[in-house]
Structures are given as C-alpha cells and as structure tokens.
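K.L.:
okay, predicted coordinates and the sequence, questions at the end:
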Amino acid sequence: MKKIGICSDHAGLEYKTRLIGYLLGKGYEVVNFGTDSPESCDYADFAHPLANAVEAGEVDAGIALCGTGNGMALALNHHRGIRAGLAWNQQVARLVKEHNNANVLVLPARFVSYRMAVMMVRTWLVTEFAGGRHQRRIDKIVQP
C-alpha cells in the first residue's frame, strides 16, 4: 500500500495535516480529500469522495478523522466496497485490519492524542489481513 487517501472534517483537521507530513516522510503518496479549513463543515462531504477513490482503486486505502470518528465511519460504510474501522488504540487498529481487512482507518481526533493517532496509523499500515474465518465473516457483510 503506497497511495493513501486522507480526509477530515474541521475537528480532525490538525491531526490530518500532521499525518500527511508523517505519511509523506515514510514514503507514501498522499491524496488529501479535505477539509483544509478550520471552519465547521460536514464530515460526509469529505467521506464520500474518499470512499469513491478507494472503491475505484485511485488510492490503495484511506484514513479519515472527525471528532468521535463515528460520523466518518457511518458515511464511509454506506459504500459497498468500503470497510471503515474506527480505532481508539493500537490493538484495535491492528484488529480492524487483521480481522476486518479495513480499507479505511477512522480516528476520533477529539479522543486520542496525536501520538496515539500516529501509532494507530503505523500499526494499521503494516498489519496484514489474517484471512481464513475472517474472510468468511467479511463475505457475510456484503451479502445483498
């Protein structure tokens, strides 16, 4: 995974901006889907373009931030090809990839430190999907 899409609402803007620098420093290509303003805005306006890019293969995966992470996760998971996992510590970040093969990591910017956000992103990026029984469970998520 080398091309990462990232988005936030106003609550996640500071962390998103800092994470872009972190990711670029680690050699990732980053596509910013906004917001780039601290003015109050609606998370769905940025979640949907990120989800579309992940589904279309324009980016390999995504990271989304808002105050609690819940708004972004709800909007992202309305897309059939998205498995957005909300994490609040490293173990959960690992498990959303290992067990759920999350293609978007969602972070609650108002409830974790920036240091924890970086640790979660780093963990999620290097974790591999376990497959097996977990694939069977994922297959049941996307049933019509």
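P.N.:
Alright, I've got the coordinates. Residues are numbered from 1 along each chain as shown.

K.L.:
tell me where the chain has helices.
P.N.:
Along the chain, counting by DSSP state H, helices occupy 13-25, 44-56, 70-76, 90-98, 114-126, 133-141.

K.L.:
list the buried residues for the third one?
P.N.:
Counting neighbours by 16 or more other CB atoms under 10 Å, one finds that the buried residues in helix 70-76 are Gly71, Met72, Ala73, Leu74, Ala75, Leu76. The C-beta positions use only the backbone N, C-alpha and C, and glycine is treated the same way.

K.L.:
which one of the residues you listed is nearest Ile20?
P.N.:
The shortest approach to Ile20 among the buried residues of helix 70-76 belongs to Met72, at 16.3 Å (CB to CB).

K.L.:
what's the most buried one of the helices of the chain?
P.N.:
Ranked by mean neighbour count, these are led by helix 70-76 with a mean of 22 (mean count of other CB atoms under 10 Å).

K.L.:
who does that helix touch, helix- and strand-wise?
P.N.:
Judged by 3 or more CB pairs under 8 Å, 6 or more residues apart in numbering; DSSP states H and E, the packing partners of helix 70-76 are helix 44-56, strand 61-66, strand 84-86, strand 104-108.
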